[in-house]
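>>> Show me the folded form of this:
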Amino acid sequence: MDSGEGDEQTARPPFRICFVCTGNICRSPMAEAVMKRIIRDRGWEGQVVVESAGTGEWHVGEPADPRTLEALARRGYDADEHRARQFDPVWFQTHDLVVGFDRGHERILRSWAPSDDARASVQIITDVDPEGAGIDVPDPYYSDAELFDHVLAVIERACRALATQLEPALRQGAR
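Prediction:
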């Protein structure tokens, strides 16, 4: 008879991450696309769920900014199906990690958090990257393709660092 250990591991809920920028059309869709590729490449489907949102409602329902899509496409990512949405504070109950891109996002998200545990789940994406710790990721919205490419490179490096931090727990089946 099976000990049920495999069933227990399969039944474990996935680790849930929500990347949150201002309007959910530039930085957070980039991070979502990058992290989804990392998850797929590492075979973590079902173990990690990634999504994105914005702190504001200005772009709800819109696709990612065309410059975001172009920067992603230049690096082989696809976010064509993305539609912007606003972060709902109730999501703190279902997400293990809520990742902002600058201190403004961090401040807003922590002010929305209903508990100390929820506040502790908020991080800035560069804080996991030894090369970028403490650095805000600039909003490329009012800039050019060069800044979109730079922002994507920063996000790629930070997402790889985040995956490196998650890997030991995922390998052991812990959360």
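
>>> What average pLDDT does the top helix by length along the chain get?
Ordering each helix of the chain by length in residues (DSSP state H) puts helix 145-172 first. Averaged across helix 145-172, pLDDT comes to 92.

>>> Stretch 47-66 too?
Per-residue scores along stretch 47-66 average to 97.

>>> can you offset everything so residue one is 53?
Understood, numbering begins at 53; the last thing we discussed is stretch 99-118.

>>> buried ones in it?
For stretch 99-118, the neighbour count (16 or more other C-beta atoms under 10 Å) marks 99-107, 111, 115-117 as buried. (Glycine included, C-beta is placed from N, CA and C.)

>>> nearest to residue 81, of those?
residue 116 (4.2 Å; C-beta to C-beta).

>>> what residues are up against the closest one?
77-78, 81, 124, 131, 134, 136 (C-beta atoms under 8 Å, 6 or more residues apart in numbering).

>>> same question, residue 90
96, 211-212, 215.

>>> ok, back up a step: from the contacts of residue 116, which one has the minimum pLDDT?
Minimum pLDDT for these is recorded at residue 131 (94).

>>> Doesn't it belong to a helix?
No: when DSSP: H, G, I helix; E, B strand; the rest coil is applied, residue 131 is found to be coil, with no helix at that position.

>>> All the helices of this protein, in order from the start?
Counting by DSSP H, the helices of the chain are 57-63, 79-94, 118-126, 155-164, 168-172, 197-224.

>>> Kindly state the beta-bridge partners for the residue most central in space within the chain.
By C-alpha atoms, centre = their mean, the mean C-alpha position of the chain lies nearest to residue 71, the distance being 3.1 Å. Residue 71 forms beta bridges with residue 104, residue 151, as assigned by DSSP bridges.
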